[in-house]
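>>> test case, fold it:
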Amino acid sequence: MVIGKDGTVPKAVEVPVVEGPMVYDMALASTYAVLLDLPVTFDLERAMAGSSFPYKWNPDQPARVSLLPRDGGASQIAWCEMESCYVFHVLNAYDDAGTIVCDVVGQSSPFRKSRRISLRRSKNRPIFNVGSILRCATSSDHQ
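Numbering: from 1, shown residues only. The predicted structure follows:
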C-alpha cells in the first residue's frame, strides 16, 4: 500500500467482501491500512432501475473493520466486527503500541431523517442525519 515516487501503485490487494459495500473512506496508519466493510451495500435492482444512488442500508450485513498490513496481502487481514453503523469520514488513524486507533464520523442510522440538521443533495438521494465523532481501537492481532 505504497505509492511509488513515480506516482504508480506497485501492488494492489483484493480485499474479500461479501455484499458489495459502499466504500467511501479508509485510513492509513503507519503500519496498517484501515478498510471499512459496512452495511450500506450495492443494490442491483436500484441500479437497473436507474437510481443515481444504487445503495441501501443492509441490516443483515455486519459492520467490520479490516486491518491490512501496509506491506501485506489479503491473507494477513485482521477482521474486527463492530457495532452496526456507517462511517462517512475517517478523521485520523495511528498505531499506539500494538493498537490501531481510528477516529471517524459515524452514524448508527445513516438514512434516517434528522430533526436537527439534514442535507439533501437531490430529490433522488436519501437525507443523511448528522453523525458523531467516534474513536475505535483494536489490537492488530485481533482476528
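>>> partners of the residue positioned nearest the centre of the chain in the sheet?
The chain has residue 36 as the residue nearest its centroid, 2.8 Å off, counting by Cα atoms, centre = their mean. When bridges are called by DSSP bridges, residue 36 pairs up with residue 65.
>>> that one contacts residue 22, doesn't it?
No. In this structure residue 36 lies outside contact range of residue 22 using Cβ atoms under 8 Å: 9.5 Å. To be clear about C-beta, it is placed using only N, CA and C from the backbone, and glycine gets the same treatment.
>>> can you give me the strands for this structure?
27-28, 32-37, 40-42, 55-57, 63-69, 78-82, 86-96, 99-107, 118-119, 128-129, 132-139 (DSSP state E).
>>> how much space between the residue nearest to residue 54 when sequence neighbours are not counted and residue 53?
Excluding its sequence neighbours, the residue lying closest to residue 54 (Cβ to Cβ, 6 or more residues apart in numbering) is residue 47, at 3.7 Å. Remark: distance between residue 47 and residue 53 (Cβ to Cβ, to the nearest Å) = 10 Å.
>>> who touches both of those two?
By the contact definition Cβ atoms under 8 Å, 6 or more residues apart in numbering, residue 47 and residue 53 are jointly contacted by no residue.
>>> still on that earlier bit, could the strands of the chain go into CSV alongside distance to residue 7?
Output for these, formatted as CSV (distance: least, Cβ to Cβ, whole Å):
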stretch, distance to residue 7
strand 27-28, 17
strand 32-37, 18
strand 40-42, 29
strand 55-57, 30
strand 63-69, 21
strand 78-82, 29
strand 86-96, 23
strand 99-107, 27
strand 118-119, 34
strand 128-129, 33
strand 132-139, 31
